[in-house]
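K.L.:
Return a 3D structure for these sequence lines:
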Amino acid sequence: MATTVLALTALITVVLTVAAWKGQQATARPYFILKESPKVDLGNELSFELKFTNVGIHPAVDLSSETIVFDDQLTGKPIHHDESAIVNEIPKDSSSSLVMTIPSQEILPKQLNINAHYVVVDLHYTDPILKKAYRQLIYLKWNGVKAEKMQPTVHVRVEERDKIDVYLKKEGIDLIKD
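P.N.:
Numbers count the residues shown, from 1 in each chain. Okay, here's the model as predicted:
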């Protein structure tokens, strides 16, 4: 009987240790946030700069992104659809910028009013310590220009995200959620 109790106690200890280790892994993984609001520049062309900061404990490697920009009316083709990659490691508390430039034939930057646009960023990266791949989907809305005044960029609401997903699927852009 005593042997059974000791074996059961050891088993419970192992299960709790593994659970704690997995929880620690989840908090140590690389994770990207936007510490600053995205910068929007309306010079000769429209450009967005998103500055991602790794707030995880572990570094990130093999960071790649797919970015899509389209009118908030969800009509017509995206005005920007591009992929890029960063080969350097991004350590804890380090930042990396993603710049998207929209050609002037898509949006004339010197207009009094520019419609709002959605920006979707699909990030993929790897934790080199855990050898595990991660993905983050970021949905933003740039509220355009009204009466020559730049409007803010905000995170989208859940109901907007669902409509965006339908639009992307209709356009043949498959961002399958993990």
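
K.L.:
Relative to residue 128, how far out is residue 91?
P.N.:
Distance of residue 91 to residue 128, computed by CB to CB, to the nearest Å: 11 Å. Where you see a C-beta, it was placed from the backbone N, CA and C, and this is true even at glycine.

K.L.:
Residues that sit against both of the two, list them.
P.N.:
Common contact partners of residue 91 and residue 128 (CB atoms under 8 Å, 6 or more residues apart in numbering): residue 59.

K.L.:
Quick check: closest non-adjacent residue to the residue positioned nearest the centre of the chain.
P.N.:
Closest residue to the average C-alpha location of the chain: residue 138 at 3.6 Å, with CA atoms, centre = their mean. Nearest residue to residue 138, sequence neighbours excluded (CB to CB, 6 or more residues apart in numbering): residue 121, at 4.4 Å.

K.L.:
now do residue 62
P.N.:
residue 126 (4.7 Å).

K.L.:
Quick check: bridge partners of the one you found?
P.N.:
residue 61, residue 133 (DSSP bridges).

K.L.:
Contact partners for it?
P.N.:
Contacts of residue 126 (CB under 8 Å, 6+ apart): 60, 61, 62, 132, 133, 134.

K.L.:
of all those, which comes closest to residue 148?
P.N.:
residue 60 (39.0 Å; CB to CB).
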